[in-house]
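turn this into a model:
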Amino acid sequence: MGSLLENPAKAWLNILSLSCLTVFAGCQKAVEEPVVATTQDVVQYDVVIVNGRIVDGTGNGWFYGDLGIKDQKIATVGPSGALSTALATETIDASGHVVSPGFIDIQSHSRYDLLYGDARVISKVTQGVTTEIMGEGSSSGPINPNSAPGEDRDF
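Numbers count the residues shown, from 1 in each chain. The predicted model follows:
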C-alpha cells in the first residue's frame, strides 16, 4: 500500500472529504435551550402563573411550567419552578389546571348573542375562546331596512 504522497489524487480526495465533513459538521443546527428566567433577571411581571400544565399550541405535548405576563403579553415560559421567586403584581398557582393560549372559533354563530345579548358571550370565554370569526356567508352589517332580506330585516 503506497503513501498518500505517491498518489496525489488520493491525497486530494482525503483532504476534500475531511474539509466537507468539517463544513457539514459546522452547519448543524445548535441545540436550542428553552428561555428560562434566572435570578439575575429583574423583571416585574404583571401576572405570573406557576405550576400549570402548559399547552403552548405548537403541537408538542403539555409540560409542567411557569408563565410570566407583562404588558398584556406572554413574556416568559419556562419549566416549573423557573418563576417561583419572580416579582409579580399577581401570582396564580395553576396546580391541577391547564394553561393555554386563547382558542379561535373559526365558524362562530354568536352574532345574535353579541348584538342582542350582553355582548360578552360568557359561554365562549369560559371555554377558552378569545377570538371569533364571523360572517361566513352572511353578515349582520351594514344593514338597513331596505337592504335586509329575511331574518336580518330585524336589524
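
okay, CA-based contacts and neighbour counts for the rest of this
Fine.

show me where this protein has helices.
8-26, 111-116, 122-125 (DSSP state H).

just give the nearest non-adjacent residue to residue 107, would you?
Spatial nearest neighbour of residue 107, excluding adjacent residues (Cα to Cα, 6 or more residues apart in numbering): residue 133 at 5.9 Å.

mind listing what that neighbour touches?
If you count contacts by Cα atoms under 8 Å, 6 or more residues apart in numbering, residue 133 has them with 104, 105, 106, 107, 108.

the last one and residue 120, how far apart?
With the distance defined as Cα to Cα, to the nearest Å, residue 108 ends up 14 Å from residue 120.

more neighbours, the two?
More crowded of residue 108 and residue 120, by other Cα atoms under 10 Å: residue 108, with 14 against 11.

I'd like the distance between that one and residue 57.
From residue 108 to residue 57 the distance is 20 Å (Cα to Cα).

and the nearest residue to residue 120 once chain neighbours are set aside, how far is that from residue 123?
Leaving aside its chain neighbours, residue 120 sits nearest to residue 114 (6.8 Å; criterion: Cα to Cα, 6+ apart). Separation of residue 114 from residue 123 (Cα to Cα): 12 Å.
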